[in-house]
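# task: produce atomic coordinates for the following.
(one chain, ligands or ions: 1)
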Amino acid sequence: MKKESHSNLINGKWSQKGPSFLSINPSDTTDTIGSFHEATEEECLQAINSAKTAFKSWSQSELEERKKVLDKIGNELIEKSEELGELIAREEGKPIPEGIGEVYRSGQFFQYFAAEVLRQMGETAASVRPNINIEVTREPVGVIGVITPWNFPIAVAAWKIAPAIAFGNTVVLKPSEIVPASAAAFSEIMHESGLPEGVYNCIQGRGDIAGQIVTASKDIDAISFTGSVKTGNIIAQNAIKNMTRIQMEMGSKNALVILDDADIDVAIQCAINGAYFGTGQKCTASSRLIVEKGIHDKFVSKMSEATKALAVGNALHKNTQIGPVVDARQFNQNNSYLEAALSDGAKLIAGDEKINVDTEGFYMRPTLLIETSNNMKINREEVFGPIACVIKAEDYQDALSISNDTEFGLTSGIVTNSLKFANHFKRHSNSGCVMVNLPTAGTDYHVPFGGRKASSYGPREQGQYAKEFFTVVKTTYISS
Ligand code: NAD
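Numbers count the residues shown, from 1 in each chain. Presented below is the predicted three-dimensional model:
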């Protein structure tokens, strides 16, 4: 199998010295996608070293060279979006159209930052002292350690690596050990793009081994991490020992508020999409559906019908809307949260229907719970699965207060026809991204993305805001 040997990319060469591990299709556990090699400590250090060496010339490289290579990577991802989208579907379990969409979007990140290469403007300022001019410019940071989760195996890497490289940094990627084939396919495109050796390196393997080496290294100048709060905490503590700059996007417990005056069809569409697409395995998923009491019963009845109608199946099959959960660990975690919710008094009104699939996989029906309160464990902690909980609210103010009553703050949404409430919510919702009459998941690639509170730490990702993290500011005083 071709991908067996393509594991770690170090200084422009494939390397595989460490123990092997398998990637298994969650839709069909008899299907092995490939065998991959964890990076050894020596390989991790080589990758960091090669990025450090490459930084000397890449940070000085010509803008046209950077622009061309980023464009090439972007175009290649878009051209290969069907092939790679299918690979993501097979390895991560999202349906093929979602996989294709992810790869296409990844290409757009590279195309966007190809153009940003040419928009690096400085500022000048008058001095408070005579005959002095001041310039404020930005410079690359150095070697960026990029640590990514499994739920968007190519897109998260793309939205971090494209700006890193565009602004003259070099990269060591440590992808999730759950999706090594997608990471290897991405690395192949990076490898063939014409980037100089060492500008992009990839080391595969476990977070507590390869990831730990990256985050503890003094030769890593900045770490851009996406993953759970638990891992974020470990990474932050490692980073602070070396005063390494960090940017972290983590989990959430996003709320979709549905008011009495909402268009019910829009509300159902937003709730189904936000709660269940991607099998609920999105940091932006709406796991809490906060519904005003006047529309509550109507919403619950229609939502339960729509939830039951979703086609759960093999991610590679044409009619599948909801693929499997990513692996056994996540499957068991979802079920233990479900059990806890039921024993706390939640009532299940969709989710126990039979699943008709002809392969062994980690299938779970989209599950709708009602009569839940915001204090229940299931409404406090991130489940990261296809489980949505309805919480009844007295009125708009009550709904707003419940939606903000969480330690997280990535996205939030409101479905309403009232400009007054939409505007108030936009202003007072304590999250990084607010959606009005739209699902809590689904964002554009040219504007900032990120959360508040425990969901996020450090500067925003994406769009023009990305330069805050991937560049350092220099202030120069010139006496004339
Ligand atoms: P995770 O935290 O388990 O792992 C993320 C990455 O960190 C993996 O590459 C893992 O190997 C690595 N890692 C684990 N332990 C480490 C350590 N000690 N040192 C260094 N690296 C280590 O998360 P996951 O299960 O892969 O992803 C799901 C989580 O990601 C959810 O919480 C989800 O909300 C979050 N997520 C957030 C966003 C966002 O933009 N906010 C986007 C996607 C996913």
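
# quick one: residues contacting Gly122.
Glu135, Val136, Thr137, Arg138 (Cβ atoms under 8 Å, 6 or more residues apart in numbering). Yep, even glycine has a C-beta here, placed from its N, CA and C like the rest.

# Phe36 and the ligand, how far apart?
13 Å (Cβ to the nearest ligand atom, to the nearest Å).

# surely that residue is in contact with Ser23?
Yes: assessed by Cβ atoms under 8 Å, Phe36 is found in contact with Ser23 at 6.4 Å.

# and the stretch 251-400 of the chain, which residues reach the ligand?
Contacts of the stretch 251-400 of the chain with the ligand, taken as Cβ under 6 Å from any ligand atom, map to Gly251, Ser252, Cys283, Glu382, Phe384.

# most surrounded residue in those residues?
Neighbours here mean other Cβ atoms under 10 Å. Within these, the largest count is held by Ser252, at 31 neighbours.

# just checking, that residue touches Glu407?
No: using Cβ under 8 Å, Ser252 is not in contact with Glu407; the gap is 9.5 Å.

# got the domain ranges for this protein?
8-250+455-479, 254-436 (automatic domain parsing).

# so how far is the last one from its chain's centroid?
Spelled out, it's domain 254-436. 19 Å (Cα atoms, centre = their mean, to the nearest Å).

# who does the longest helix seen in the chain touch, helix- and strand-wise?
Across the chain, the longest stretch assigned as helix under DSSP state H is helix 96-116. In terms of contacts (3 or more Cβ pairs under 8 Å, 6 or more residues apart in numbering; DSSP states H and E), helix 96-116 is packed against helix 63-79, helix 81-92, helix 155-166.

# okay, the ones you listed in CSV with mean pLDDT and mean neighbour count next?
Listed next are the helices and strands packed on helix 96-116 as CSV, based on pLDDT from 0 to 100; neighbours: other Cβ atoms under 10 Å:
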stretch, mean pLDDT, mean neighbour count
helix 63-79, 98, 19
helix 81-92, 98, 23
helix 155-166, 98, 27
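
# and of those, who's closest to the ligand?
Of all these, helix 155-166 sits nearest to the ligand, with 5.9 Å by Cβ to the nearest ligand atom.

# alpha carbons only: can I get the closest one in PDB?
Presented in PDB, the C-alpha positions along helix 155-166 are these (Å, rounded to 0.1, in the frame of the first residue of the first chain):
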ATOM      1  CA  ALA A 155      -8.800  22.100   7.200                       C
ATOM      2  CA  VAL A 156      -7.400  22.900  10.700                       C
ATOM      3  CA  ALA A 157      -3.800  22.200   9.500                       C
ATOM      4  CA  ALA A 158      -4.500  24.400   6.400                       C
ATOM      5  CA  TRP A 159      -5.900  27.400   8.300                       C
ATOM      6  CA  LYS A 160      -2.800  27.400  10.500                       C
ATOM      7  CA  ILE A 161      -0.100  26.500   8.100                       C
ATOM      8  CA  ALA A 162      -1.100  28.700   5.200                       C
ATOM      9  CA  PRO A 163      -0.600  32.000   7.300                       C
ATOM     10  CA  ALA A 164       2.400  30.600   9.000                       C
ATOM     11  CA  ILE A 165       4.200  30.000   5.700                       C
ATOM     12  CA  ALA A 166       2.800  33.200   4.100                       C
END
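
# for the stretch 1-150 of the chain, which residue gets nearest to the ligand?
Nearest residue of the stretch 1-150 of the chain to the ligand: Pro149, at 3.0 Å (Cβ to the nearest ligand atom).

# just the pLDDT for that residue.
On the pLDDT scale, Pro149 is placed at 98.

# count the neighbours of the closest residue in space to it that isn't next to it in sequence for me.
Excluding the flanking residues, the one nearest Pro149 by Cβ to Cβ, 6 or more residues apart in numbering is Gly227, at 4.5 Å. Applying other Cβ under 10 Å, we find 22 residues neighbouring Gly227.

# where exactly do the helices run in the stretch 301-450 of the chain?
When assigned using DSSP state H, counting those that start in this stretch, the helices of the stretch 301-450 of the chain occupy the ranges 328-343, 377-380, 396-404, 419-428.

# as TSV, those helices with mean neighbour count and mean pLDDT would be great.
Output for the helices of the stretch 301-450 of the chain, formatted as TSV (neighbours: other Cβ atoms under 10 Å; pLDDT from 0 to 100):
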stretch	mean neighbour count	mean pLDDT
helix 328-343	16	98
helix 377-380	18	98
helix 396-404	19	98
helix 419-428	14	98
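
# out of those, nearest to Glu123?
helix 419-428 (30.4 Å; Cβ to Cβ).

# ok, which residues in the stretch 1-150 of the chain are in contact with the ligand?
Contacts of the stretch 1-150 of the chain with the ligand, taken as Cβ under 6 Å from any ligand atom, map to Ile147, Thr148, Pro149, Trp150.

# tell me the phi and psi of the first one?
Backbone geometry at Ile147, expressed as degrees, to the nearest 10, gives phi -120, psi 120.

# the residue nearest to it when sequence neighbours are not counted: which element?
Sequence neighbours aside, Phe225 is the residue nearest to Ile147 in space, at 4.5 Å (criterion: Cβ to Cβ, 6+ apart). Following DSSP states H and E, the helix or strand that holds Phe225 is strand 222-226.

# what's in contact with that strand?
Looking at what lies outside strand 222-226 - Cβ under 8 Å, 6+ apart - the contacts are 141-149, 156, 160, 164, 169, 214-215, 231-232, 235, 239, 244-250, 283, 461, 469-470.

# please apply the same query to stretch 257-270.
Contacts of stretch 257-270 (Cβ under 8 Å, 6+ apart): 256, 271, 286, 289-295, 298-299, 302-303, 306, 393, 396, 399-400, 403, 412-418, 421, 425, 435, 437-440.

# got the contact list for the residue nearest to the spatial centre of the chain?
Nearest residue to the geometric centre of the chain (Cα atoms, centre = their mean): Val156, 5.0 Å. Val156 is in contact with Thr148, Pro149, Thr226, counting by Cβ under 8 Å, 6+ apart.

# now the residues you listed as JSON lines including distance to Gln16 and neighbour count?
Below are those laid out as JSON lines (distance: Cβ to Cβ, whole Å; neighbours: other Cβ atoms under 10 Å):
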{"residue": "Thr148", "distance to Gln16": "20", "neighbour count": "26"}
{"residue": "Pro149", "distance to Gln16": "23", "neighbour count": "24"}
{"residue": "Thr226", "distance to Gln16": "26", "neighbour count": "25"}
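
# please report which of the contacts of Gly122 has the highest neighbour count.
For these, neighbours tallied by other Cβ under 10 Å; top is Arg138, 18 neighbours.

# my guess is that residue contacts Gly168, does it?
No: contact criterion Cβ under 8 Å: Arg138 and Gly168 do not qualify, at 9.5 Å.

# residues that sit against both of these two, list them.
Joint contacts of Arg138 and Gly168 (Cβ under 8 Å, 6+ apart) do not exist.

# alpha carbons only: can I get stretch 376-385 in PDB?
The C-alpha trace of stretch 376-385 is given here as PDB (Å, rounded to 0.1, in the frame of the first residue of the first chain):
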ATOM      1  CA  MET A 376     -27.000  18.800  34.200                       C
ATOM      2  CA  LYS A 377     -23.600  17.300  33.400                       C
ATOM      3  CA  ILE A 378     -24.600  16.800  29.800                       C
ATOM      4  CA  ASN A 379     -25.200  20.600  29.400                       C
ATOM      5  CA  ARG A 380     -22.000  21.600  31.200                       C
ATOM      6  CA  GLU A 381     -19.400  19.400  29.500                       C
ATOM      7  CA  GLU A 382     -18.500  19.000  25.900                       C
ATOM      8  CA  VAL A 383     -19.700  15.600  24.600                       C
ATOM      9  CA  PHE A 384     -18.500  15.900  21.000                       C
ATOM     10  CA  GLY A 385     -21.100  13.500  19.600                       C
END
